[in-house]
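Enquirer: test case, fold it:
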Amino acid sequence: MINLVAIALLSGVAFALMKDYEDQRRAGKKPTFDRTKFPKLDKQIDKDVW
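Expert: Numbers count the residues shown, from 1 in each chain. Got it, this is the predicted structure:
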């Protein structure tokens with residue numbers, strides 16, 4: 001049951017990241033992760049990690 005709750009909480013972030021990835025692919029770019037496009041994540045991710 002806990003796994004379902006975790007999946008539900010993370011699904012919004014996962015869908016946003018997947019949409020960004022697909023948008024970059026459609027634009028003919030090599031997909032890269034830019035955390036500044038995701039202000040919520042940018043605040044949570046340690047600056048030294050990415």
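
Enquirer: neighbouring contacts of stretch 32-42?
Expert: Residues outside stretch 32-42 that contact it (Cβ atoms under 8 Å, 6 or more residues apart in numbering) are Val13, Ala16, Leu17, Asp20, Gln24, Ile45, Trp50. The way it works is simple: take the backbone N, C-alpha and C, and place the C-beta from them, glycine included.

Enquirer: please name the nearest non-neighbouring residue to the first one.
Expert: In space, and not counting its chain neighbours, Val13 is closest to Leu41: 6.8 Å by Cβ to Cβ, 6 or more residues apart in numbering.

Enquirer: next one: that neighbour from Ile2, what distance?
Expert: 22 Å (Cβ to Cβ, to the nearest Å).

Enquirer: between those two, which one's more packed in?
Expert: Between Leu41 and Ile2, counted using other Cβ atoms under 10 Å, the more crowded position is Leu41 (15 against 6).

Enquirer: ok, which stretches of the chain are helices?
Expert: 2-26, 39-44 (DSSP state H).

Enquirer: weakest of those helices in terms of mean pLDDT?
Expert: Note on the helices of the chain: helix 39-44 shows the lowest mean pLDDT, a mean of 81.

Enquirer: buried set for it?
Expert: By neighbour count on 16 or more other Cβ atoms under 10 Å, the buried set for helix 39-44 is empty.

Enquirer: just how off-centre is that helix within its chain?
Expert: From the chain centre to the centre of helix 39-44 is a distance of 10 Å (Cα atoms, centre = their mean, to the nearest Å).

Enquirer: again, but for stretch 9-27
Expert: For stretch 9-27 - counting by Cα atoms, centre = their mean - the centre lies 6 Å from the chain centre.
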